[in-house]
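> Below: sequence and its predicted model.
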Amino acid sequence: MNIYLLMLLLHFLFMTAAVAAAALVGYAALRLRAAETVAEASRWGAFVEKVKVTFPIASLGLIGSGAYMTYKVWSWSTPWVVAGLAGLIAIMLLGAGVEGGRARATRAELRAAGLSRRARRLLRDPLAWSAKVTTWTLVLAVIFLMTFKPSAGVSAATLVVALVAGVLGAMPFWAGAPAGAGPSTGTSGSGLSR
Ligand code: HEM
């Protein structure tokens, strides 16, 4: 059996799992952002919590299978491998660090005060949305790197373009809190609102 091809297959499977989970979590984040009641927000928040366990598993799987292929055929100084690894580490930091921190703050606010003005602001937080969209653009960038296997300069430029595109692409999600949204707006039926 060709172990290299088996690892490449696993690499694809972990990538598929990560992309599917990212699509589900992205959709849930949009539903959360548009939530009109605490019950609705809590439902989508719980859905995100369930799906997000995929990310550490898929990331470790990508690193493990990628490390095997790198060790066997490529090298740790291959530019697109280094850039791919850096891209994946950035994705993990943005997801677990930035998005995770904001999600915890949002959950705490929803529990304490319902869909308050602060909760609605947190659901549109520029930093959290920039982190989220940047993880998507970084995944696309890493897929490009792995496929085209470019030089060091192009590899670095690809990551920079992904970072800039992520922040620009997130801008439409920053704003748009319903006018006059206050502490008790739209929390009917939740029992959690203030
Ligand atoms: C977001 C994370 C990643 C994604 C989406 C990704 C995606 C891909 C894709 C689509 C391929 C197939 C390319 C082809 O067959 O032409 C591939 C291959 C490969 N990846 Fe990754 N990868 C990721 C992370 C990593 C990491 C962290 C490493 C190194 C530790 C790595 C090392 C490799 C290697 C060595 C190959 C084999 C290339 C070949 O044989 O053609 N990947 N990756």
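Nice, thanks for sending it over.
> Going by C-alpha atoms from here, please, whenever you check contacts or count neighbours.
Noted.
> hmm, who's touching stretch 133-145?
22, 80-81, 83-84, 87-88, 90-91, 94-95, 155, 158-159, 162-163, 165-167, 169-170 (Cα atoms under 8 Å, 6 or more residues apart in numbering).
> ok, which of these also contact the ligand?
81, 84, 88 (Cα under 6 Å from any ligand atom).
> Need these in TSV (columns: distance to residue 39, pLDDT and neighbour count).
Below are those laid out as TSV (distance: Cα to Cα, whole Å; pLDDT from 0 to 100; neighbours: other Cα atoms under 10 Å):
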residue	distance to residue 39	pLDDT	neighbour count
81	44	98	23
84	39	98	25
88	34	98	20
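> how about the residues of this protein that lie near the ligand?
Counting by Cα under 6 Å from any ligand atom, the residues of the chain that sit close to the ligand are 15, 62-63, 66-67, 69-70, 81, 84-85, 88, 139, 142-143, 146-147.
> What ranges does the protein have for its strands?
Counting by DSSP state E, the chain forms no strands at all.
> quick one, longest helix in it?
Counting residues, the longest helix found in the chain (DSSP state H) is helix 3-33.
> who does it touch, helix- and strand-wise?
helix 38-51, helix 54-72, helix 117-123 (3 or more Cα pairs under 8 Å, 6 or more residues apart in numbering; DSSP states H and E).
> Mind checking which of the residues of the chain next to the ligand are buried?
15, 62-63, 66-67, 69-70, 81, 84-85, 88, 139, 142 (16 or more other Cα atoms under 10 Å).
> Can you tell me which of those residues is closest to residue 121?
Closest approach to residue 121 among these (Cα to Cα): residue 139, at 26.9 Å.
> which ones among the contacts of stretch 133-145 are found in helices?
Judged by DSSP H, helices contain the following of the contacts of stretch 133-145: 22, 80-81, 83-84, 87-88, 90-91, 155, 158-159, 162-163, 165-167, 169-170.
> which regions of the protein sit below the pLDDT cut-off?
1, 176-194 (pLDDT under 70).
> Mind doing that once more with 50?
Low-confidence segments of the chain (pLDDT under 50): 180-194.
> wait, isn't residue 28 in contact with residue 49?
No - counting by Cα atoms under 8 Å, residue 28 stays clear of residue 49, with 10.4 Å between them.
> Which one's more surrounded, these two?
Neighbours were counted for residue 28 and for residue 49 using other Cα atoms under 10 Å; residue 28 has more, 20 against 13.
> List the contacts of residue 132.
Applying Cα under 8 Å, 6+ apart, the residues contacting residue 132 are 26, 94-95, 99, 166, 170.
> Buried ones from the residues you listed, can you make that a ChimeraX selection?
In ChimeraX, this line selects whichever of the contacts of residue 132 come out buried by 16+ other Cα under 10 Å:
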select :26,94,95,99,166,170
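> could you dump the contacts of residue 132 to a markdown table with distance to residue 10?
Compiled in a markdown table, the contacts of residue 132 are given as follows (distance: Cα to Cα, whole Å):
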| residue | distance to residue 10 |
| --- | --- |
| 26 | 24 |
| 94 | 24 |
| 95 | 22 |
| 99 | 27 |
| 166 | 27 |
| 170 | 31 |
